[in-house]
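Q: Next input, structure requested:
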Amino acid sequence: MLKVSGLQAAYGASQVLFDIHLQIAEGQVVTLMGRNGMGKTTTVRAIMGLLPVKAGAIEHDGKPIAGLPPEKVARLGIGLVPEGRQVFPTLTVRENLVATAANRLGAARPWTLAGIYELFPRLDERAGQMAGTLSGGEQQMLAVGRALMTNPRLLILDEATEGLAPVIRAEIWRVVEKLKAEGQCILLIDKTFSVLKRLADRHFIVEKGRTVWSGTGDDLDRNHDQVQAWVGV
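A: Now for the predicted structure:
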């Protein structure tokens, strides 16, 4: 579904990505791991068209998408839950969910408000509340729900549980497991190593803007010491 090869990207004169490689197949859950500042979010921004690509390739279903504007990337079926949530604070929960809702790819069972409220009952309770007044955990639920309402083929969660209370983290992981069971393709960025190892089909580790390792959960165990040095767990 998504293939990134030799990706390079920079913020002005400051190059951050030097050689990023990753692949995600239909129905897979894949992680992008590494310490802070190694280029994970920058990789996501480049994929989504939010940052110009300096070199390398990004392919979706075998077609190049590097350089496309963000709205066109989204229309291809790539949904983003950005780091820091970035909900629309002056819109209600319901308005956030319907603001970008679409079924452009003709999903047989598209997400609806009722489906999101079933997934996150707390959002149903706060449907008329301004998003800016929600707790951080509730805003993260809303950001996930908003992305799902676009009916993405690939869902990207950037720092899925960062800064959340343990009970909210558990809720987010419950939802990710449910989505995986339903065949949702997901790219996960998070620091909860034990959960990522259990949930994901494949892992990619980034170090100083380069993909330095990839493998399965069993491979992580076999290379524990080296992975620990890269990820810092």
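
Q: And stretch 85-99, what's buried?
A: Judged by neighbour count (16 or more other CB atoms under 10 Å), stretch 85-99 contains these buried residues: 85, 87, 91-94, 96-97. C-beta coordinates here come from the backbone N, C-alpha and C atoms, glycine included.

Q: Please, where are all the helices along the chain?
A: Assignment of helices within the chain using DSSP state H yields the ranges 40-47, 70-75, 93-99, 113-119, 121-125, 136-148, 166-181, 193-199, 217-222, 224-231.

Q: Okay, residue 108 and residue 48: tell me how far apart.
A: 26 Å (CB to CB, to the nearest Å).

Q: Run through who's touching the helix or strand of the chain with the lowest mean pLDDT.
A: When the helices and strands of the chain are scored by mean pLDDT, DSSP states H and E, helix 224-231 comes last with a mean of 85. Under the criterion CB atoms under 8 Å, 6 or more residues apart in numbering, residues 33-35, 193, 205, 207, 212-213, 220, 233 lie in contact with helix 224-231.

Q: Need the worst-confidence member of these.
A: Of all the contacts of helix 224-231, the one the model is least sure of by pLDDT is residue 233, with 51.

Q: Who does the closest residue to residue 65 other than its chain neighbours form a beta bridge with?
A: Nearest-residue entry for residue 65: residue 58, 5.3 Å, with adjacent residues in sequence omitted and distances by CB to CB, 6 or more residues apart in numbering. For residue 58, the residues forming beta bridges with it (DSSP bridges) are residue 4.

Q: Tell me which residues touch residue 58, please.
A: Contacts for residue 58 (CB under 8 Å, 6+ apart) come out as 2-5, 7, 46-47, 64-66.

Q: Also residue 24?
A: 1-3, 30, 154, 185, 187.

Q: thought residue 73 was touching residue 49?
A: Yes - counting by CB atoms under 8 Å, residue 73 touches residue 49, with 4.5 Å between them.

Q: what residues do these two have in common as contacts?
A: Each of residue 65 lies in contact with both residue 73 and residue 49 under the rule CB under 8 Å, 6+ apart.

Q: re earlier: of the contacts of helix 224-231, closest to residue 125?
A: residue 193 (32.4 Å; CB to CB).

Q: Distance of that closest one relative to residue 121?
A: Distance from residue 193 to residue 121, by CB to CB: 29 Å.

Q: neighbour-wise, which of these two wins?
A: residue 193 (17 against 11; other CB atoms under 10 Å).

Q: Relative to residue 78, how far out is that one?
A: The value you get for residue 193 to residue 78, if CB to CB is used, is 25 Å.

Q: One more: residue 93?
A: Distance, residue 93 to residue 78, by CB to CB: 23 Å.

Q: Contacts for stretch 128-136 next, please.
A: With contact meaning CB under 8 Å, 6+ apart, stretch 128-136 is reached by 85, 87-94, 96, 126, 139, 142, 163-164, 168.

Q: Quick one: distance of stretch 201-210 to the chain centre.
A: Distance of stretch 201-210 from the chain centroid (CA atoms, centre = their mean, to the nearest Å) equals 14 Å.

Q: will you turn the helices of the chain into JSON lines that also has distance to residue 22?
A: Rendered in JSON lines, the data for the helices of the chain read as follows (distance: least, CB to CB, whole Å):
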{"stretch": "helix 40-47", "distance to residue 22": "8"}
{"stretch": "helix 70-75", "distance to residue 22": "16"}
{"stretch": "helix 93-99", "distance to residue 22": "29"}
{"stretch": "helix 113-119", "distance to residue 22": "27"}
{"stretch": "helix 121-125", "distance to residue 22": "31"}
{"stretch": "helix 136-148", "distance to residue 22": "19"}
{"stretch": "helix 166-181", "distance to residue 22": "18"}
{"stretch": "helix 193-199", "distance to residue 22": "14"}
{"stretch": "helix 217-222", "distance to residue 22": "15"}
{"stretch": "helix 224-231", "distance to residue 22": "15"}
